[in-house]
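Student: Below are the sequence and a predicted model for it; my questions follow.
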Amino acid sequence: MADNPTSPAASPARRQVAAPSDAPDQRPGRRTVPQAKDDPAVANKKPIYRRTWFLIGALLLLVGLIIWGVRYYRYASDHETTDDAFVEGHAVRVSPRTAGQVSKVYVQDNQQVKAGQLLLELDPRDYQAQLTQAEAAVTSARAQRSTAQQAIRSRASVITQQRAQAAAAEATQGQAAAEERAAQAQAANAARDEQRYAELYKTDAVSRQRYDQALTTARAAAAQADAAHRRTQTTEAQAIQAEAVVNQARNDYQQATEQISVNDAQIKQAQAQADAAQLQLSYTKLYASEAGRITGKAVDEGQTVSVGQQLLLITYGQLWVTANFKETQLTHMRVGQPVQLVVDTYPGEQFAGRVESFQRGTGSRFSLLPAENATGNYVKVVQRLPVKIVFDGQPDLHLLAPGMSVTPEVAITVTPTQQDVDAAHREALPRVTESPARRKVSPDNK
């Protein structure tokens, strides 16, 4: 009785009467297949991809993906982007112009400095000694010039004196020449008288005494004429000697004048050496040429440095972005087009900028070893061209430094105005205390 399915003690499942259609097919050669479609246990085992809620969700997801893909395609076709972009900035290398030992360093890494601020100092003693020696050479050259000037004044007075003596000698020579001419005239007259008295004496027209007087007078006149001639020769020699002395004095004066020129050249040379020594001494102090921040400090006190050795860097001025776009991305890119910049350091923020300029040449063309494609097999490689992008206002509230990675997005469908082009060409923009171009990245911004 317990096993009878019609018994009251039997379970409800056993009391259920199977419908004729639910009975298995007992015909020979056929496989037994259960047909309990309305059984709840069988209905709960339906595959998930055939369930209604899954199909509705998949349809909604597909519609969303289509909408997102259309929007992304439209955005991507209107913008050009690259991950090969970095922050750039001006940096001045601080290097000594003279060798020496570092005696004092006044700055530290990452310190903000002002233009003209003293950065470090070298030992100045060697250059101070050179400057003292050069200044002594200048003093000596100036003393020699002063001596030469005194010699010139002395030579000038000698010339004046010798000229006076030469003038007196010339006057004496003239007087002697006049006296010689007078004596020669008297001698000639006395000789003629002597001849006349000689003729008269032969005819006994005059006495012997008168003839002797005439002869004596003629001889005396001749002797006086000869003496006058010798005096004239003496005065001529004296005049010539006086003129020679004057010429010698003039030569001495000329030499003294030339010595002045030599002394002036020596003074200039010594002064140039003193200026060079002063300049070398000034090179022992290194000042900041720009207001900025100390970077890459590689110097300490006591270190011996050489000329041109890089000691530290000073980063200054406005930052910009150098983006290396592919040449195929530059078809519609123009100067002045707006750019959205995302710095890897601040992934949730976005900065605004503009295309400032294009480099006239690809990066590989100006590399250390440019490619030579004239020989061998040639494989075309898409080149990259650096594009300079400037910020719209300096983002002072953020830590941006040269070398940081940036992802720029250039709106290539925007036609820049002339005002935008002029603004993009500005080398330096005024610094601001806030970043007005900052905004959150969201799908609506795209």
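Tutor: On my side now, so go ahead.
Student: which residues touch residue 295?
Tutor: 91, 109-110, 312-315 (Cβ atoms under 8 Å, 6 or more residues apart in numbering). All C-beta spots, glycine's among them, are computed from the backbone N, C-alpha and C.
Student: my bad, should have said residue 96
Tutor: Residue 96 neighbours (Cβ under 8 Å, 6+ apart): 122, 283, 286, 305-309, 311.
Student: Please give the number of neighbouring residues around residue 197.
Tutor: Using other Cβ atoms under 10 Å, the number of residues around residue 197 comes to 22.
Student: Please read the previous query as pertaining to residue 76.
Tutor: Neighbours of residue 76 using other Cβ under 10 Å come to 12.
Student: Likewise for residue 85?
Tutor: Using other Cβ under 10 Å: residue 85 sits among 24 other residues.
Student: Residues in a beta bridge with it, which ones?
Tutor: Taking DSSP bridges as the rule, residue 85 bridges to residue 323.
Student: just to revisit the earlier point, can you tell me which of the contacts of residue 295 are buried?
Tutor: 91, 312-315 (16 or more other Cβ atoms under 10 Å).
Student: picking that back up, looking at the contacts of residue 295, spot the one nearest residue 326.
Tutor: Sorting these by how near they are to residue 326, with Cβ to Cβ, puts residue 91 at the top with 27.6 Å.
Student: phi, psi of the closest one?
Tutor: Here is the backbone geometry of residue 91 (degrees, to the nearest 10): phi -140, psi 130.
Student: Including secondary structure, distance to residue 274 and pLDDT, could the buried ones among the contacts of residue 295 go into TSV?
Tutor: Converted to TSV, the buried ones among the contacts of residue 295 look like this (DSSP: H, G, I helix; E, B strand; the rest coil; distance: Cβ to Cβ, whole Å; pLDDT from 0 to 100):
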residue	secondary structure	distance to residue 274	pLDDT
91	strand	35	91
312	strand	31	94
313	strand	34	93
314	strand	31	93
315	strand	37	91
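Student: any idea which of the residues you listed is the one closest to residue 330?
Tutor: Closest to residue 330 out of the buried ones among the contacts of residue 295 is residue 91 (27.5 Å), distances taken as Cβ to Cβ.
Student: shouldn't that closest one be in contact with residue 312?
Tutor: No - between residue 91 and residue 312 there is no contact under Cβ atoms under 8 Å: 10.2 Å.
Student: now the top helix by length along the chain, how far from the centre of its chain.
Tutor: Ranked by residue count under DSSP state H, the longest helix found in the chain is helix 125-202. Centroid displacement of helix 125-202 relative to its chain, using Cα atoms, centre = their mean, to the nearest Å, is 64 Å.
Student: Next: stretch 58-69.
Tutor: Using Cα atoms, centre = their mean, the offset of stretch 58-69 from its chain centre is 59 Å.
Student: before we move on, what about stretch 263-275?
Tutor: 29 Å.
Student: and it, C-alpha only, in CSV?
Tutor: Extracted in CSV, the C-alpha atoms of stretch 263-275 (Å, rounded to 0.1, in the frame of the first residue of the first chain):
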residue,chain,number,x,y,z
ASN,A,263,105.2,105.3,-25.1
ASP,A,264,101.6,105.8,-26.0
ALA,A,265,101.5,102.4,-27.7
GLN,A,266,103.2,100.8,-24.6
ILE,A,267,100.6,102.5,-22.4
LYS,A,268,97.7,101.2,-24.5
GLN,A,269,99.3,97.7,-24.5
ALA,A,270,99.8,97.8,-20.7
GLN,A,271,96.3,99.1,-20.2
ALA,A,272,94.9,96.4,-22.4
GLN,A,273,96.7,93.8,-20.4
ALA,A,274,95.4,95.5,-17.2
ASP,A,275,91.8,95.4,-18.6
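Student: Other residues contacting that stretch?
Tutor: 131, 134-135, 137-138, 140-142, 144-145, 148.
Student: swap in stretch 208-220?
Tutor: Contacts of stretch 208-220 (Cβ under 8 Å, 6+ apart): 187, 190-191, 193-194, 196-198, 200-201.
Student: Could you export these to a markdown table, including columns for distance to residue 224 and pLDDT?
Tutor: As requested, those are exported to a markdown table (distance: Cβ to Cβ, whole Å; pLDDT from 0 to 100):
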| residue | distance to residue 224 | pLDDT |
| --- | --- | --- |
| 187 | 7 | 77 |
| 190 | 9 | 78 |
| 191 | 12 | 80 |
| 193 | 15 | 75 |
| 194 | 15 | 74 |
| 196 | 20 | 76 |
| 197 | 19 | 72 |
| 198 | 21 | 77 |
| 200 | 24 | 76 |
| 201 | 24 | 72 |
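Student: If you go by neighbour count, which of those are buried?
Tutor: 187, 190-191, 193-194, 197, 201.
Student: and of those, the nearest to residue 359?
Tutor: Distances from residue 359 to the buried ones among the contacts of stretch 208-220, taken by Cβ to Cβ, are shortest for residue 187, at 110.4 Å.
Student: With that, I have no additional questions.
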